[in-house]
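Novice: Give the three-dimensional model of this entry:
(one chain, ligands or ions: 1)
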Amino acid sequence: MTTKKHACPTYPHFLHGADYNPEQWIHDKSIWDKDMELMQLANCNEMTVGIFSWAKLEPQEGQFDFSFLDEIIDRVGKNGGKVILSTPSGARPHWLADKYPEVLRVGPDGVREHFRERHNHCFTSPVYREKVQIINRKLAERYGQNPTVVAWHISNEYSGDCRCPLCQQAFRDFLRKKYDNDINKLNLAYWTTFWSKTFDSFDQIEPPGKYTETGLHGLNLDWRRFVTAQTMSFIENETAPIRELSPHLPVTINMMFEFYDLNYHEVSKVIDIASWDSYPEWHNGDDADIAQKTAFWHDLYRSLKKRPFLLMESTPSLVNWKPYNKPKRPGLDVLSSIQAVAHGSDSVQYFQWRKSRGSSEKFHGAVVGHDGTGETRVFRSVQKTGEVLKAIDQIAGTVTDAKAAVIFDWENMWALDNCQGYALAGKKYWETCYAFHKVFWQRGIDCDIVSPKADLSGYQIVAAPMLYLTDEETVENLTSFVENGGTLCGTYMLGTVDGTDLCWLGGIPAGKLKDVFGITAEEIDTLYPVERQHAQLFGKEHELVDYCEVIHPSSAQVLASYTDGYYAGTPAVTINSYGKGQAVYIACRDTGSMKDDLFDHLLGNIGLAGNLADSSLPHGVTAHSRTNGETSYLFLENYDPASTADVTLKQPMTDLLTGETVHHVTLPPYSFRIFKS
Ligand SMILES: [Zn+2]
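Specialist: Sure, this is the predicted structure:
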C-alpha cells in the first residue's frame, strides 16, 4: 500500500513556477505573449498571480475590474499551466488608506505610518478586515471553481505588529481572557511587585514599545503571543469566504527564514500547506554550512504539517536586498532547487518570473531578465531544474520518515531574548539549534524540526537545545517521550522558567525533569568571547565556549567531565536511564567535536543509521530520503565547491535521471544524484 500526501492535492505533481506580476506590463501585451512562450521553454507549469494586485482589481472603492486577471488565468491555463491565486491584502490601494486611516499601522514609538511600502496594515482594524473579505469573496466567486487555479496564497509574508488603539484594546481583551479577568492573577504571573509595577486594572496595560514598559518579561511574551493570535485571526478572516466558496482548494501563506515575529508552530494551524521563501546567502562562507542551515528551515516547514511543503519563492540567481548580492554559481543554481525537493518540497518556485522594470526589486533575480529572452545562464538553469522535476515526478507527494528531531520553539527564543542574564547580547539560540541539526545532516540522517508540544512518539532521538522556557505541558511531553523509550538530549538552561517566564522554584531543570535526567543544575559560568574551557569525553579533550553549567548527578552516569575551571572534575555530560528510555544532559556548549563523538556513541547505541552505508560523509555531502511506503527515493547532494566526493550506497540503486544501477557514486562539486529502490 503506497501513501502519498501531495502538498497540493488539486495538482498531484511537482509545481515549477514563479511569482508573476503581469499587471506591471499591462500597457504592452506583447510581453504577455512572450511570457507564455518562455514559460513553456523554461519547463514551468505554474504561476503565482495577484499578490500585489489590489489597486488594479479595485481601483476605487467598490469598483472592481478583473479583466487582467481573467485574461492571465485564461492564458496560463491554455498554456498548460496552473495558477496559485493570491489574495492582495499584503499591500492596500491608496484610496483605502486615504479614506480609512485606521488601516495603517502604529509603530512602537506610537506614530501612525503614512501610506507607504507594503505590509503596514493593522491586523485588528474592522474596516481593513471587511475590505479584505470583500475583495477575497469577489476573487473566490470568480475563480474559486476555475480548473486552472490549484491553491490560494493568502496575502504575502505576514509580519510585524501594530499598536493602534484598536490593537491595544484587543491586547487587553486577550489578557482578560487569558487571566480569567483577574488582574491579580496577571500581576502574579508578571511578578509586577518588582519595581512597584502592580496593575490596578487591565485598562492600564500597554503593549511593550519605545516609550512603554519593556521590563516585564511575561508582558513581552504575551505581546508576542497576542501578535501571533491576532495574525491568525486575520488569516481566518481572510480565508473565510475562500473556504466557503472553494473548499476543495488548499490554502497557504508564504513564511520566511529565521523569522522572529510569529510563532509558526501556531500559525500553521490555520493553513493547509506550509510554504516558504528561501533566500540563503550562498558563497558567503562555507556553502556546506549554508546548505545545512537552509536544510534546517526546509525540515522545519515540512515538519509544521508533517507532509510535503512548497518552496514558494527562491531566487534563480541573486537577491537585491542583502549587503552583498552574489549570483548563484553554476551547478549550485540547480542543486539549491533540488535541495528543497530532497527535504520534502513538492515545488520549486521563484521570485520572480520577469524582472520588474522599476522600483525596489528591479535588480532582484528573475527567470526572465531585462533582456527578455531565454538566452541567459539563469534561464537555462531554470530549464534544467524543470527537466529534472519532470523526470522525477513520481516523487511528488512522497513523505519523509524522520526518526530524529530537534526542538525549536519561538516562545523559547522570545524568552531568551527577554532574559537579562547569561551573555546579554546574543544567546545564539538559532546557531545552537543549527549545531544540533548539523549532527544529523552531516550523517545523512533525516531530521524533523518540531515544537516542544509536538507528538514525539515517532522519534528515536530528540535534541532539545537551550530549552530555557519549559512549561508544564512541555515537562510532561519530554518526560513521556523518555518514559516510552526515547533518547532525549537536553542542554544547559533546560527548564529554567515556566510559561509566563517566571523562574521554576525547587531547582532546575523544572519539576520531574530532574528525575528524567538524574541531575540538578546549580549555576552557570558564562565565558568571555575569547575564553575557552575543556571537557574530556571518552578519553578525548574537547573545546568549550560560552557556557559551562555546574551540575550534580543524582542517578545519572557521568560521560564527560570538565578538565579546567573551578568546576574541574565535575560532570559536563551525563546519561540517565528513565522508564524505557534515556536522557542525556549536555551542560556546556562545545565547538563541535564533543557533540560529534557523543552522537556517534548515542546513534550507535540506539541503532539509528543514516541514508548511506558510511556514517561519516565527506565534507559538504549529505543524503536525504523520501518514501511512498513501498519505494524509497534517495537524494545525494555535494555542496563543496571544490572537492569531488566518493560515497557508497547501502545497496545498488537505480539513478532516476540516467537509469543506471550503481553502488558506488562519484559526486562532483555542486552536484546531486537521485536514486530509487
Ligand atoms: Zn492596529
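Novice: ok now do the residue in the stretch 301-450 of the chain that the ion sits nearest to, which residues does it touch?
Specialist: In the stretch 301-450 of the chain, the residue that lies nearest the ion is W414 (20.2 Å; C-beta to the ion). Where you see a C-beta, it was placed from the backbone N, CA and C, and this is true even at glycine. W414 makes contact with N220, L221, R224, according to C-beta atoms under 8 Å, 6 or more residues apart in numbering.
Novice: So which bits of the chain are right by the ion?
Specialist: By the rule C-beta under 5 Å from the ion, the part of the chain lying against the ion is C122, T124, C162, C164, L166, C167.
Novice: helices and strands around the top strand by length along the chain, which ones?
Specialist: Longest strand in the chain, counting residues (DSSP state E): strand 540-553. Here strand 540-553 touches strand 519-526, strand 533-537, strand 557-562, strand 571-578, strand 588-590, helix 593-606, going by 3 or more C-beta pairs under 8 Å, 6 or more residues apart in numbering; DSSP states H and E.
Novice: list the buried ones in it?
Specialist: Using 16 or more other C-beta atoms under 10 Å as the test for burial, strand 540-553 gives H542, L544, V545, D546, Y547, C548, E549, V550, I551, P553.
Novice: How about the contacts made by the fifth one?
Specialist: Applying C-beta under 8 Å, 6+ apart to Y547 gives the contacts Y422, A423, Y492, M493, I524, D525, T526, L527, C588, R589.
Novice: so which of the residues you listed comes closest to F363?
Specialist: The closest of these to F363 turns out to be A423 (C-beta to C-beta; 37.9 Å).
Novice: Check which helix or strand that closest one maps to.
Specialist: A423 is part of no helix or strand when elements are defined by DSSP states H and E.
Novice: Now do the contacts for it.
Specialist: By C-beta under 8 Å, 6+ apart, the neighbours of A423 are T526, D546, Y547.
Novice: Now do the same contact list for the closest residue to Y350 other than its chain neighbours.
Specialist: In space, and not counting its chain neighbours, Y350 is closest to A18: 4.2 Å by C-beta to C-beta, 6 or more residues apart in numbering. Contacts for A18 (C-beta under 8 Å, 6+ apart) come out as C44, E46, M47, T48, Q349, Y350, F351, Q352, W353, A366, V367.
Novice: pLDDT, neighbour count and secondary structure added to those residues, as TSV?
Specialist: Converted to TSV, these look like this (pLDDT from 0 to 100; neighbours: other C-beta atoms under 10 Å; DSSP: H, G, I helix; E, B strand; the rest coil):
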residue	pLDDT	neighbour count	secondary structure
C44	98	29	coil
E46	98	26	strand
M47	98	29	strand
T48	98	29	strand
Q349	98	28	strand
Y350	98	27	strand
F351	97	24	coil
Q352	96	23	coil
W353	98	25	coil
A366	97	26	coil
V367	98	28	coil
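Novice: if we can go back for a sec, the longest strand of the chain vs strand 533-537, what angle?
Specialist: 90 degrees (axes from the mean of the first three to the mean of the last three C-alpha atoms, to 10 degrees).
Novice: Relative to the whole chain's centre, how far out is strand 540-553?
Specialist: Here strand 540-553 is found 30 Å from its chain centre; the criterion is C-alpha atoms, centre = their mean, to the nearest Å.
Novice: Need the three-state assignment for the residue nearest to Y350.
Specialist: strand (DSSP: H, G, I helix; E, B strand; the rest coil).
Novice: ok, now how distant is it from S337?
Specialist: 12 Å (C-beta to C-beta, to the nearest Å).
Novice: Now do the strands in the stretch 101-250 of the chain.
Specialist: Counting by DSSP state E, counting those that start in this stretch, the stretch 101-250 of the chain has strands at residues 149-153.
Novice: where in it is pLDDT low?
Specialist: Counting by pLDDT under 70, not a single residue of the stretch 101-250 of the chain qualifies.
Novice: Just the helices from it, written as ranges.
Specialist: Taking DSSP state H, counting those that start in this stretch, the helices of the stretch 101-250 of the chain run over residues 126-143, 165-178, 183-190, 217-245.
Novice: need these in TSV with mean neighbour count, can you?
Specialist: Shown next, in TSV, are these (neighbours: other C-beta atoms under 10 Å):
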stretch	mean neighbour count
helix 126-143	19
helix 165-178	17
helix 183-190	18
helix 217-245	20
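Novice: Format the ones you listed as CSV; extra columns: distance to V482.
Specialist: CSV is the format used below for the helices of the stretch 101-250 of the chain (distance: least, C-beta to C-beta, whole Å):
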stretch, distance to V482
helix 126-143, 45
helix 165-178, 30
helix 183-190, 29
helix 217-245, 27
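Novice: Name the residue of the stretch 251-400 of the chain that lies nearest to the ion.
Specialist: Nearest residue of the stretch 251-400 of the chain to the ion (C-beta to the ion) works out as D261 at 14.5 Å.
Novice: need the contact list for the residue nearest to that residue when sequence neighbours are not counted.
Specialist: Residue nearest to D261 in three dimensions, not counting chain neighbours: S159, with 5.1 Å by C-beta to C-beta, 6+ apart. By C-beta under 8 Å, 6+ apart, the contact list for S159 reads H119, M256, F259, D261, L262.
Novice: Show me which of these are buried.
Specialist: M256, F259, D261, L262.
Novice: still on that earlier bit, what's downstream of the helix or strand encompassing the residue of the stretch 301-450 of the chain closest to the ion, the next helix or strand?
Specialist: Here W414, judged by DSSP H and E, is contained in helix 410-418. Remark: after helix 410-418, the chain's next helix or strand is helix 429-441, criterion DSSP H and E.
Novice: Output the contacting helices and strands for the helix or strand following that following helix.
Specialist: Tracing the chain C-terminally past helix 429-441 and defining elements by DSSP H and E, one meets strand 447-450 next. With contacts taken as 3+ C-beta pairs under 8 Å, 6+ apart, strand 447-450 sits against helix 287-305, strand 404-407, helix 429-441.
Novice: List the buried residues in strand 447-450.
Specialist: Buried, per 16+ other C-beta under 10 Å, within strand 447-450: C447, D448, I449, V450.
Novice: partners of it in the sheet?
Specialist: Strand pairing for strand 447-450, using DSSP bridges, gives strand 404-407 (parallel).
Novice: Could you list the buried residues of the strand it pairs with?
Specialist: If you call a residue buried by 16+ other C-beta under 10 Å, then strand 404-407 has these buried ones: A404, A405, V406, I407.
Novice: chain center to it: distance?
Specialist: That offset, for strand 404-407, works out to 14 Å (C-alpha atoms, centre = their mean).
Novice: Need the residues that contact it.
Specialist: Strand 404-407 has contacts (C-beta under 8 Å, 6+ apart) with 296, 303, 433, 436-437, 440, 445-452, 454, 456, 459-465, 467, 608.
Novice: Distance check, M36 against W353.
Specialist: 11 Å.
Novice: next one: Q383
Specialist: 14 Å.
Novice: What of D498?
Specialist: Distance, D498 to W353, using C-beta to C-beta: 49 Å.
Novice: Give the buried residues for stretch 597-614.
Specialist: Across stretch 597-614, burial judged by 16+ other C-beta under 10 Å covers D597, L598, F599, L602, L603, I606, L608, A609, G610, N611, L612.
Novice: Also stretch 624-642?
Specialist: Neighbour-count burial for stretch 624-642, counted by 16+ other C-beta under 10 Å, picks out 624-628, 632-641.
Novice: for the helix holding W414, the distance to its chain's centre please.
Specialist: That offset, for helix 410-418, works out to 16 Å (C-alpha atoms, centre = their mean).
Novice: cool, stretch 509-526 as well?
Specialist: Here stretch 509-526 is found 30 Å from its chain centre; the criterion is C-alpha atoms, centre = their mean.
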